[in-house]
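*Asks:* How does the following fold in three dimensions:
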Amino acid sequence: MRKIITLISVTILLFACGRKNTPGKNEVIFEGRFIHSRAHVIYFDIIHVDHTEKWDSVVLNANGMFYLKKKIQEPYFLKVYLNDSTFFTIVAKPGDHIYLSGSIPDFKNAYNVSGSPESELIHQYLTHTKQQYAKLDSIAIFWENHKYDLRKMRIRDSLDSISKIIYSSQEKYTANLVRKNMQNLGTLFIVYQYFGPYPVLDTKTYLPLLDSLAKTLLSLYPRNEHVHHLLMKIKKAKLAEEEQQQLAKRLSPGNPAPLFSLPDKNDSLISLDKFKGRYVLLHFWATWSPTSSKELRALKMYHATYAQRGVVFISIAFDYDKNMWEKVINSEKLNWIQLCDFKYIDSPIAKLYGIKTIPQYFLIDPQGIIVSKSNKLDEIGPELYKIFFKYMKPSTPGDSIQS
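*Replies:* Numbering: from 1, shown residues only. Have a look, this model is predicted:
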């Protein structure tokens, strides 16, 4: 099939050269051939930031060939399609002469494009990505064939490691592709892509790269709506990062712990300031979080040790099902203060305390000041030990703590 499509592309180029047809300064020409056609219609829609706009269409002739000349004042991202689920994306600029070829049965996956550096870059990215997905599919098939083997856990771990390598490889490839093509408008398509469930270039991680890209493209295409959309996205990311830094600073040890009031199992509001004068260990968790569940046993041991010395334990759950929450509390015998507003991860206290992962712990002193914070209970433990044991003289020789 690839050889056939390549031959078609060569034929079209020779045919086009014979016509000596070139676009004007404010024109773009599309031509090409798609085999296995029966007078199919190919549509061209302009892709805007928040919608698509009908632009034009062509009917393939008996040989699957087409020709279209259009007036164009600025670069357009175009959706080229047979129907809503069968399409690919190209970029057309004034003066471009774009050649498209492929096969109607595999329209969106087996197309070729030339005459547009931006469209060629998009095609290059999609071709590489398709190969990466093929690798992941092979892993999935291998697992389906071996998931009942005696060594299935070892096999699964090995396949997970390979999958991570593929995801990392795709990320590095994409970042390098963007770095090498900073003046190419096709990069705007690439930076918005996902690989699996994740954005291939995370905005937070690649903010400097995206910022540089947006500024470069703005200097070349000052009126392009997609460039301005990327600039707006970067601006929001910068504001979010600044807000996160301010929040982290505000929640760092030595600062006052934010006050809150949340309902307990009896729907009574419990306020943090009620416990001024005592040490408080805040525990953020959820019944649906496996990591949270793993730490409950250790948390109960800490409670048995430190609650009798006056430490107030407060668990705040990001749950949505009250019955499930109460069932876990009762079955695990979590006999200390349990709070939840059942707003799941949208609970205002998640933003108030900057909770991104759970479990999360905050140790607060009697003056309401944050002593330490961590997502690991064992990192809070040394602080508690220092406060309650390290400088205490045992009342009898048998009370001493062995280190």
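
*Asks:* Only C-alpha atoms from now on, for both contacts and neighbour counts.
*Replies:* Fine.

*Asks:* ok, residue 342 touching residue 321?
*Replies:* Yes. Here residue 342 reaches residue 321: they are 6.8 Å apart, a contact under CA atoms under 8 Å.

*Asks:* Report how many residues lie close to the nearest residue to residue 356 once chain neighbours are set aside.
*Replies:* Nearest non-adjacent residue to residue 356, counting by CA to CA, 6 or more residues apart in numbering: residue 350, 7.7 Å away. By the criterion of other CA atoms under 10 Å, residue 350 has 18 neighbours.

*Asks:* Test for you: state the pLDDT assigned to residue 350.
*Replies:* On pLDDT, residue 350 comes in at 93.

*Asks:* Next up, identify which helix or strand it is on.
*Replies:* Taking DSSP states H and E as the criterion, residue 350 maps to helix 348-352.

*Asks:* And residue 370, by the same measure?
*Replies:* Counting by DSSP H and E, residue 370 is found in strand 370-374.

*Asks:* In that strand, which residues are buried?
*Replies:* Burial within strand 370-374, assessed by neighbour count using 16 or more other CA atoms under 10 Å, is assigned to 370, 371, 372, 373.

*Asks:* Tell me which other helices or strands it touches.
*Replies:* strand 360-364, helix 377-385 (3 or more CA pairs under 8 Å, 6 or more residues apart in numbering; DSSP states H and E).

*Asks:* So which of the ones you listed is the most surrounded?
*Replies:* strand 360-364 (a mean of 23; mean count of other CA atoms under 10 Å).

*Asks:* tilt between that strand and helix 377-385?
*Replies:* Counting by axes from the mean of the first three to the mean of the last three CA atoms, to 10 degrees, strand 360-364 lies at 10 degrees to helix 377-385.

*Asks:* Just give the strands next to strand 360-364 in its sheet, each with its orientation.
*Replies:* Strand pairing for strand 360-364, determined by DSSP bridges: strand 280-285 (antiparallel), strand 370-374 (antiparallel).

*Asks:* contacts for it?
*Replies:* If you take CA atoms under 8 Å, 6 or more residues apart in numbering as the criterion, strand 360-364 is touched by 257, 279-285, 370-377, 380.

*Asks:* Would you tell me what the next helix or strand after the strand or helix carrying residue 228 is?
*Replies:* In this assignment (DSSP H and E), residue 228 forms part of helix 225-250. Of the helices and strands lying after helix 225-250 in sequence (DSSP H and E), the nearest is strand 261-263.

*Asks:* partners of that following strand in the sheet?
*Replies:* When DSSP bridges is applied, strand 261-263 pairs with strand 269-271 (antiparallel).

*Asks:* Look up which residues are beta-bridged to residue 54.
*Replies:* Under the criterion used (DSSP bridges), residue 54 bridges to residue 45.

*Asks:* who are the neighbours in contact with it?
*Replies:* Taking CA under 8 Å, 6+ apart, one finds 44, 45, 46 in contact with residue 54.

*Asks:* Let me have those residues in CSV, adding neighbour count, distance to residue 363 and pLDDT as columns.
*Replies:* Below are the contacts of residue 54 laid out as CSV (neighbours: other CA atoms under 10 Å; distance: CA to CA, whole Å; pLDDT from 0 to 100):
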residue, neighbour count, distance to residue 363, pLDDT
44, 22, 60, 98
45, 19, 57, 98
46, 20, 55, 97
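
*Asks:* Now distance to residue 85 too, for those, in CSV please.
*Replies:* Formatted as CSV, these follow (distance: CA to CA, whole Å):
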residue, distance to residue 85
44, 14
45, 14
46, 16
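
*Asks:* coming back round to it: for the strand holding residue 370, what is the average pLDDT?
*Replies:* In the prediction, strand 370-374 has an average pLDDT of 94.
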